[in-house]
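>>> the following block contains a protein sequence and its predicted model.
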Amino acid sequence: MLFRKSIINGTYIGSKNRKSLIDLSIPQINNGKLIVFIHGYMGYKDWGCWNLVERYFNKLGYSFCKFNMSHNGGTEVNGIDFPDTKAFEKNCYSYEIDDLECVLNWIDQTEITFKSIHLMGHSRGGAIALLNAKKDKVDSIIACAAICDIESRFPNGKKLEEWKTNKIRFIKNGRTKQELGHSYSQYEDFILNQEKLNIKNACKKTKKPTLIFHGKEDESVSINEGKKIAEWLNTSLNVIKNTQHTFGSSQPWNYDYLPKPLEGLCYKTHLFLQKTFP
């Protein structure tokens, strides 16, 4: 496939002036629409099927950008194995909102004009997309298995007090088997930025076209969270049957095709963008 521009493992400067990896693909024959993909918690731009999702949309004429959050634990050399545990430890939701703003500015600096820009986020990334819907540069949101509330992601009661006392808590990464630290400063940042991080308010205020997906058997983020988001947006929830949090994808993904649930999600996204932004 021919590309007008193809950047793989480029770098952008994100929150706190930290460099991170970014990809941008613009087909030679394109429709002027750019999809900016936002990964989720303990995720990265090359996880599972995300490269195949990029290829799917490229073949339909879409430009596609995906990136690593600046504090997701990756580095410029290794973007997938969480080698920088100190950066991961300090990550917080407001940093990720800043990262997306930095990415949109990085796109501006390419001096390539797009007719429309669409945020597509998975899980925690879906929440970051929804929280950025108000930006003038953003034309629509596609949220996939998104969380509907940030505060509930933190421990409460005795566990919260233990976190405050110890200053750090650890959560095991199922793939790498690392015990990854989470600084108590993450919770302090949330308290400081509660208004900016209120997903319900962001949904109720936005007038941007939105498309919401959730797997019926999602074991990580309850489908009830998707129902709440759809209700706040006054839109319908696209429930994908017989699939879970990652829509059939996994890491590693050793096939050259998308799993059926994820392919169906991409197809419905294409129809949505084709109809809403002809």
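That came in fine, so what should we check first? Numbers count the residues shown, from 1 in each chain.

>>> quick one, phi/psi of the residue lying closest to K115 once chain neighbours are set aside?
Spatial nearest neighbour of K115, chain neighbours left out: G32 (3.5 Å); criterion: CB to CB, 6 or more residues apart in numbering. From N, CA and C alone the C-beta is placed, and that goes for glycine too. Main-chain dihedrals, G32, degrees, to the nearest 10: phi 80, psi 0.

>>> buried residues in the helix or strand that I97 is a member of, which are they?
Using DSSP states H and E, I97 sits in helix 93-109. Within helix 93-109, the residues that count as buried by 16 or more other CB atoms under 10 Å are 93-100, 102-104, 106-107.

>>> so where do the strands sit in the stretch 1-150 of the chain?
For the stretch 1-150 of the chain, the strands defined by DSSP state E, counting those that start in this stretch occupy 3-13, 19-27, 33-38, 63-67, 116-122, 140-144.

>>> run me through the strand neighbours of the fourth one, direction for each.
This means strand 63-67. strand 19-27 (antiparallel), strand 33-38 (parallel) (DSSP bridges).

>>> and those as CSV, adding distance to T75?
Formatted as CSV, these follow (distance: least, CB to CB, whole Å):
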stretch, distance to T75
strand 19-27, 8
strand 33-38, 19
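
>>> and G48, which of those strands is closest to it?
Nearest of the strands paired with strand 63-67 to G48, taken as CB to CB: strand 33-38 at 12.1 Å.

>>> SS state for Q251?
Of the three states, Q251 takes coil under DSSP: H, G, I helix; E, B strand; the rest coil.

>>> an error on my part: the question was meant for I171.
Quick answer, by three-state DSSP: I171 is strand.

>>> can you check the pLDDT for it?
Here the pLDDT value assigned to I171 is 97.

>>> quick one on the thing from earlier: and the helix holding I97, how far out from the chain's middle?
Put simply, helix 93-109 sits 12 Å off its chain's centre (CA atoms, centre = their mean, to the nearest Å).

>>> report the inter-axis angle for that helix versus strand 63-67.
Relative orientation of helix 93-109 versus strand 63-67 (axes from the mean of the first three to the mean of the last three CA atoms, to 10 degrees): 140 degrees.

>>> all set now, cheers.
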